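Enquirer: pasting the structure only:
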């Protein structure tokens, strides 16, 4: 026969009932502050922090303009109208936004493996000269062939330039900040002090004297304009959006992107897990250089139609701010670039009210400052949500964001 079931003593009448477990503070706060937690909770900080940083920067500059005796509301209206209120302004905004987006993507791609790419400016210059050379050196007779060749040449040139600091990092342990800063000036002086004034300088057909900048690119190499000569709005913004979507899919939807993000969280842990750190580092810096190289191509093929004698764009350094304000996320960088592209294009209209045209750069710098001090913003958001238990540390928030 099977063994008899064990018997348990019946509970006594006066025995205390077990108490329910106490929920964690965060869950208790979510139960008592429902709508505030849904709005200001940590799950939304990656959006709220950059948005509030930009709004705070706009508010400070608003007050600064008012203190100078000018009308800040009219100034802001003219700034946004200058970037969006006309076809020419819209074209200027699209060019600036596309270049800022591509340089921001360059920095974000390197950030995915934990590298700080300061070399987007040099990669942009190398990509620009490659586009200018291919645009005037060959004439296949078809824009369907010539334009993709120019874009490919600029991406390859920028990608190869980005592989140099990656190789120095992997094989020699050279910090990428040092190597990329040095490579910036090497690229600038190599291109502008030798190639543009020497082998690639434009030549007069009559006197054979050199002319400022390189030769004009062929018509088949120009980025098409959607509205003809009325506006610079063209294919450049499509190239930037496609690059952002491609990088997003790679980082968030592929196993290679997961490995890159794992390296960005912890190199040693990724190496222990069997991830090939060197290969993913090369891939990230090649993508970073390619994005910056495409930014140079957009300027050459869509605006200048040649590499000019003086080409100090500075967009490579602006890409650092765009990436950080966008949360080092491809789509965030694209949105941040669109906003700052508009206000920078409309900044010249501030002069109509005797306000200096560099106020958009001041807004950008202040927004970057607030993003850098985001722990204060996160603390204020946690208080707005109704509980300090909802304020995770920066490392915890970053680990949550990096989870697949």
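Expert: Cool, got the structure. It should be emphasised that the depicted structure is a prediction, and the values quoted were computed from it without experimental measurement.
Enquirer: so where do the strands sit in the stretch 51-200 of the chain?
Expert: Assigned by DSSP state E, counting those that start in this stretch, the stretch 51-200 of the chain shows no strands.
Enquirer: helices of that one, residue ranges please.
Expert: 72-84, 87-111, 120-137, 143-172, 176-190 (DSSP state H, counting those that start in this stretch).
Enquirer: out of the ones you listed, which is closest to residue 224?
Expert: Relative to residue 224, the nearest member of the helices of the stretch 51-200 of the chain by Cβ to Cβ is helix 143-172, separated by 7.6 Å. The C-beta positions use only the backbone N, C-alpha and C, and glycine is treated the same way.
Enquirer: what helices or strands is the closest one leaning on?
Expert: If you count contacts as 3 or more Cβ pairs under 8 Å, 6 or more residues apart in numbering; DSSP states H and E, helix 143-172 packs onto helix 120-137, helix 176-190, helix 277-299.
Enquirer: next one: the longest one to chain centre, how far?
Expert: Shown here is helix 277-299, whose average C-alpha point lies 12 Å from the average C-alpha point of the whole chain (Cα atoms, centre = their mean, to the nearest Å).
Enquirer: where in the protein is pLDDT low?
Expert: Judged against pLDDT under 70, the low-scoring parts of the chain cover residues 1-34, 205-211, 312, 387-404.
Enquirer: where's the closest residue to residue 366 other than its chain neighbours relative to residue 236, distance?
Expert: With sequence-adjacent residues excluded and distances taken as Cβ to Cβ, 6 or more residues apart in numbering, residue 366 is closest to residue 57, at 3.6 Å. Here the distance between residue 57 and residue 236 works out to 26 Å (Cβ to Cβ, to the nearest Å).
Enquirer: between these two, which is the more surrounded one?
Expert: residue 236 (29 against 21; other Cβ atoms under 10 Å).
Enquirer: any idea which element the more buried one lies in?
Expert: Residue 236 is part of helix 235-253, with elements assigned from DSSP states H and E.
Enquirer: in which helix or strand does residue 202 reside?
Expert: Under the criterion of DSSP H and E, residue 202 resides in strand 201-203.
Enquirer: distance from the chain centre to that strand, please.
Expert: With Cα atoms, centre = their mean as the basis, the distance from the averaged C-alpha position of strand 201-203 to the chain average is 35 Å.
Enquirer: in it, what counts as buried?
Expert: Within strand 201-203, the residues that qualify as buried by neighbour count (16 or more other Cβ atoms under 10 Å) are 201-202.
Enquirer: where exactly do the helices run in the stretch 251-400 of the chain?
Expert: Across the stretch 251-400 of the chain, reading from the start of the chain, the helices by DSSP H, counting those that start in this stretch fall at 255-265, 267-272, 277-299, 315-325, 330-345, 359-372, 374-385, 394-402.
Enquirer: so what touches the fifth one?
Expert: In this structure, residues lying in contact with helix 330-345 by Cβ atoms under 8 Å, 6 or more residues apart in numbering are 46, 50, 54, 79-80, 82-84, 89, 92-98, 100-101, 104-105, 107-108, 240-241, 244-245, 247-248, 251, 318, 322-323, 325-326, 360-361, 363-364.
Enquirer: and that helix, how far out from the chain middle?
Expert: Here helix 330-345 is found 9 Å from its chain centre; the criterion is Cα atoms, centre = their mean.
Enquirer: list the buried residues of that helix.
Expert: Under 16+ other Cβ under 10 Å, the buried positions of helix 330-345 are 330-345.
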